[in-house]
Each structure stands twice: as C-alpha cells, then as structure tokens.
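> This is a predicted model, with the sequence first.
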Amino acid sequence: MDILIKYLLLACFAYVYVRLLIPYIGFFTRFMFNERVGWDKYIEKPRLVFYGLGLALMHGSYSTFFERIEILPQLFYTLNWFVFICGIALTLLTWTKKFKNVFIPKIKEKLKSRRNFNISITEDQLKNIYNSLVRYDMIICERTEIDDFMKVFKEDWNAHDSKIYFKLDAPSCREFFELFKVNFPKNSLTVIDFFKRSDTIRREDGNPYTYSTVKDAKSRTPISKKSNELQSIFYNL
C-alpha cells in the first residue's frame, strides 16, 4: 500500500514540476536566442509565489505519509492528504483563466488604489470644478493653484507635494467628496484614502481634516452649509 501511495505522490510531483517547467523552458529558450520572451511580470511573479507555497505544502506533507503516528493516526492521515491536495490546488490555480483575467487585475487595481485616487476624469472637468470652487470661495487659491489641484486628483500621492486647501467645514467637505464620487464613479475613492491616507486634503487652517469627524459628518449633518453651491458645481458639469 505504501508503495502505491509513494508512486501516486511522486506522479503528482512530476505533473506539477513538468507543468511549471514547460512554459519556463520556453521563456529561457527565447531569451537565449534573443527573441521576444513574452514574460509578463505581473502574472509570472505571483504565479511563482503560488507555486512556491503549493510545493512547500506538498513537500512538507510528503514525508509524513510514511511515518508511524500513534495519536489519532486516521485523523492525521486525512489532514495530511488535505494539505497535500491544497498544495496541488495552489499550483494548478495559477494556470486558470480566472487567475490571469480576474485575480491578477484585482490585485493590480488594489495596489494602484493605494497610491492614488484612480479617477477617470478629464483635465477640462477638473479645471471646471477648480474654477467653480474658486468662484464660490471654497478653496484657498493662493495655496492651491490649479496645477496642485490636478496633481492631487490625477497623480500618485507620493509623486508630488501638492495639497488642496479647502475653505469648507467637515460636513461640507464630506459632501464635496460624496458628490465627486457619484459624478465620477470610475474611481478608487474612499473616505479614509481621501481625508487621511493620501495626506493631500487640508482645512483652511492648514491642518488635515479629522478623519473620525469627517467619517460621521454625513449622519450628523445630512445637508451641509454649502450644499446648494456644491450641488450647483457638479450639476453644471
């Protein structure tokens, strides 16, 4: 029985390793002959990580199949099979269309959203919003020029030192955020990113908005002092 199990496990190892080697031998061959390799690091690097985890589980559980276990041997044996199969599943997952077309884009999107607001908006639309804020005296234009405004919304947070200095109280600024998010739905805007993590939004006194205050502002003050003006800004877009 142990011999059959051993050969079955070795066959699983062989399949997993061969499945990995076939494409990577192709990458290496094209590289050696100065051909276009076709290596996509955003797919291949996560794939190798998954493979490493899967193979670690497989190798870690392999030897215990042949050890004598005195305490709860049947339960241990079942769990060992579960660990080994999970290792195989992790390696096979990397070759599915879902891994390439769903999992990888989601990870890339998450990573991207941590660095900027990822908003789909034109420069003309941003300029219109900025000019309207200046017209309604809702922004300190001496400290926030239009280039600063554009950088905050379009570029990575750590790529510039620009800030937006609003002349809005917490409920009004929260309403600005909500209207912006609704009118430009293709974005990664969240309250905590906008008011805290990005470190780009300032009050009139130059200090950041207090996140806990802004977070609860909508429930305490559903209609802000500047609601009509803010509604007008986004309505005219």
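Everything's here; your move.
> From here on, just use CA atoms for contacts and neighbour counts.
OK.
> Strands of this structure, start to end?
Under the criterion DSSP state E, the chain contains strands at 164-165, 201-202.
> what is the rounded mean pLDDT of the first one?
pLDDT averaged over strand 164-165 equals 96, rounded to a whole number.
> So what touches that strand?
Contacting residues not belonging to strand 164-165 are listed as 139-141, 143-144, 148-149, 152, 200-204, 206 [C-alpha atoms under 8 Å, 6 or more residues apart in numbering].
> 6 Å - rerun?
For strand 164-165, the external contacting residues (C-alpha atoms under 6 Å, 6 or more residues apart in numbering) are 139-140, 144, 201-204.
> got these as JSON lines, with distance to His160 and pLDDT columns?
As requested, the contacts of strand 164-165 are arranged in JSON lines below (distance: C-alpha to C-alpha, whole Å; pLDDT from 0 to 100):
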{"residue": "Ile139", "distance to His160": "19", "pLDDT": "96"}
{"residue": "Ile140", "distance to His160": "19", "pLDDT": "95"}
{"residue": "Thr144", "distance to His160": "13", "pLDDT": "95"}
{"residue": "Ile201", "distance to His160": "13", "pLDDT": "96"}
{"residue": "Arg202", "distance to His160": "15", "pLDDT": "96"}
{"residue": "Arg203", "distance to His160": "19", "pLDDT": "95"}
{"residue": "Glu204", "distance to His160": "20", "pLDDT": "93"}
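> Show me what counts as buried in stretch 154-163.
Residues 154, 156-157, 162-163 are the ones in stretch 154-163 that count as buried (16 or more other C-alpha atoms under 10 Å).
> Check these against Pro23 and report the nearest one.
Distance to Pro23, by C-alpha to C-alpha, is smallest for Asp156 among these, at 35.0 Å.
> what about the nearest residue to Arg36 once chain neighbours are set aside, neighbour count?
Beyond its immediate neighbours in the sequence, the residue positioned closest to Arg36 (C-alpha to C-alpha, 6 or more residues apart in numbering) is Arg30, lying 6.5 Å away. Counted with other C-alpha atoms under 10 Å, the neighbours of Arg30 add up to 14.
> Just the pLDDT for Arg30.
Arg30 is given a pLDDT of 84.
> swap in Lys100?
With respect to pLDDT, Lys100 has a value of 84.
> burial count for it?
By other C-alpha under 10 Å, the residues close to Lys100 number 17.
> repeat for the one 3 residues further on
Close neighbours of Phe103, defined as other C-alpha under 10 Å, add up to 13.
> and what of Ser132?
Neighbours of Ser132 using other C-alpha under 10 Å come to 19.
> From Ser232, how far out is it?
9 Å (C-alpha to C-alpha, to the nearest Å).
> for Ile104, same thing?
40 Å.
> out of the two, which sits in the busier spot?
Ile104 (17 against 11).
> Report the spatially nearest residue to that one, omitting neighbours in sequence.
Ile43 (6.6 Å).
> how many neighbours does the one you found have?
16.
> Make 58 the first number, not 1, from now on.
Sounds good: first residue 58 from here, last item Ile100.
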